[in-house]
Structure formats: C-alpha cells, structure tokens
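Q: Give the three-dimensional model of this entry:
(3 chains)
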Amino acid sequence: MPELPEAERARRQIERALGRRIVAADDADAYVCRPHGPGEISSALAGRTLTRAHRRGKFLWVETDGEGPDLGLHLGMAGSIVVDAEPAPNSWDRFALDFEDGGRLALHDKRRLSRAVIDPDYSHVGPDAGEVSRATFRERVGRGTAPLKARLLDQAVIAGVGNLLADQTLWAAGLSPRREAGSLSEAGLDHLRRVLRREIRLAIKKGGVHTGSFIASRKRGGACPRCGATLLRDTVGGRTTFSCPIDQPG
DNA sequence: AGCATTGTTTCACA
DNA sequence: TTGTGAAACAATGC
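A: Purely as a prediction, here's the structure:
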C-alpha cells in the first residue's frame, strides 16, 4: 500500500513510540537490514530514545537522543509500521524495536522489500510532493521529454508519488500520462500541483491511496467515473497505467 | 500454472 | 545528458 499517504500514517505511528527507551532491536532479517549485519542496528540503538519522526516522500527517518544515530525506515511495496501490538504467531515483522516499557515498534511486511537502516543517505530524494513550492514544482516537474507520469514517479524530482497516486492525480487533473512533461504551461503545472496536493490530503485523511475516487475503477475494463468511457490500460514509465481516453486527452 | 504487483536500485543501451 | 526498458529483489494474491 505504501505511497506518501501511507508513509505519513506510518510516521504518525512512529510518533507514538517517541520518548521511550530502546532495549534492543530485532534486526535478524539481513535483507531488510542490509547492509548491516545481524546485531549492528540493535547495538547502535540499545539504550537510546527516539526523539523525532520525519518523512520526505516515502522515506522515513527517526532521530535519537544525544549523539545517537538516525534510524531510516522505508515501507517498500507492502510494509507498515505497527506500534504496541502483540506480534502474532505468523506476523510478518521484518524489523522491530523493543522498549523498556514492554512496548514495541514493528516494521510489518508480507513481502521483504521494506528497509531499516542506520544513518540513511537520502541525499538523492527530491522535495516532498505535498510540500513542494509552486516555483520548485514548476522547475522540477515541468521539464524534460519524459512522459509526465514518469516525471511524477521519479523520487529524485519530487518525492512521494507512487503508481496509484500518479494515475489518480493525472485523471483528476485531466492530463494524459504520456503528455510530455516539459510541454506543460505554468498554469498547467500550477493546476497539477493543486490537484496533487488535494489528492494527497484526501488520501491521508481517508486512509490511503486506495481510497482515491479513480482507484476503484482502475482495473481491466473499468469505466471512467466521470464520463463512463472504458479506461485505457498500458505501460508508462515502466508501470501499468490506467487513464480515460476522453477526459485525459493531453 | 502463470502473471501481476501500491517500490527502489542498477545497468545496458539509445 | 537524458531517457527508456528490463532485471533483480521477495513473496503474496488472483
């Protein structure tokens, strides 16, 4: 599920764990915790306290007290953050922090594409899609010959837009996913940014990108919620893409 | 059985 | 430089 709205909800979960002393970390999954070896994250965090939870796009990091390191977290394709829940027998907890008070913060992921890293390098990540200024959005998104959707999905351009949010936003803005990014006018870019911010805000409020008004119809043979036309399915930017041939002409 | 998948990174290639 | 496509990663669901 994780796109920007899910990552923000995860950040808010992490906030519930601030101020509690860490006893140990379960970092046994060497793939999720790469490049760290077993025990490395645990020894880096034991005795520390989480102080602030941050997010840019889908990338999360948590500060620790004093000279402690940051803990970087990413939800990958299917991860979520669960605080103070009993680990079920067959829970897919790929990483966890155990607190002195008996509580627990778990990175839950049926797949294993999520990440936990000490002092993550997020220098390649662009400005957050929900906070980027109008001027910055214009100059970063409104350039190049790539399809507009590919531009939106590029986390180095702006951070946080995933496949579903991209389709939802482009549909709501009436723009074709294949539209050349650099061909949009300033007014067009401003409109796109407004729509994107609205969709992000709605998705955070309603519980995730899957609540988008377009997403329920986003399947083979689905009909456009606005005009009823059969949706177009193809591949843009390497990802399966649905759009309305009538309402997203260009 | 086979294919698709809400993400990221890397690499070959145009 | 810029962009594209594919592969790899892991595991589940249809």
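
Q: could you show me where the strands are in chain A, in order?
A: Taking DSSP state E to define them, one finds strands in chain A at A:22-26, A:50-56, A:59-64, A:71-74, A:79-83, A:93-99, A:104-109, A:115-118, A:232-236, A:239-243.

Q: which ones are touching whichever residue of chain A sits closest to DNA strand B?
A: With Cβ to the nearest atom of the strand as the measure, A:Gly162 is the residue of chain A nearest to DNA strand B, at 1.9 Å. Using the backbone N, CA and C atoms, a C-beta is placed for each residue, glycine as well. Neighbouring residues of A:Gly162 by Cβ atoms under 8 Å, 6 or more residues apart in numbering: A:2-4, A:58, A:153, A:209.

Q: again, only this time at 6 Å
A: Contact analysis of A:Gly162 by Cβ atoms under 6 Å, 6 or more residues apart in numbering lists A:Glu3.

Q: Same check on A:Leu165?
A: A:3, A:209.

Q: how about 7 Å then?
A: A:Leu165 makes contact with A:3-4, A:199, A:203, A:209, according to Cβ atoms under 7 Å, 6 or more residues apart in numbering.

Q: Give me the below-cutoff pLDDT ranges for chain A.
A: A:1 (pLDDT under 70).

Q: A:Pro5 and A:Ile200 touch, don't they?
A: Yes. At 6.2 Å, A:Pro5 counts as touching A:Ile200 under the criterion of Cβ atoms under 7 Å.

Q: joint contacts of the two?
A: Shared contacts of A:Pro5 and A:Ile200 (Cβ under 7 Å, 6+ apart): none.

Q: quick revisit: can you report phi and psi for the residue of chain A closest to DNA strand B?
A: Per-residue torsions, A:Gly162: phi -110, psi -170 (degrees, to the nearest 10).
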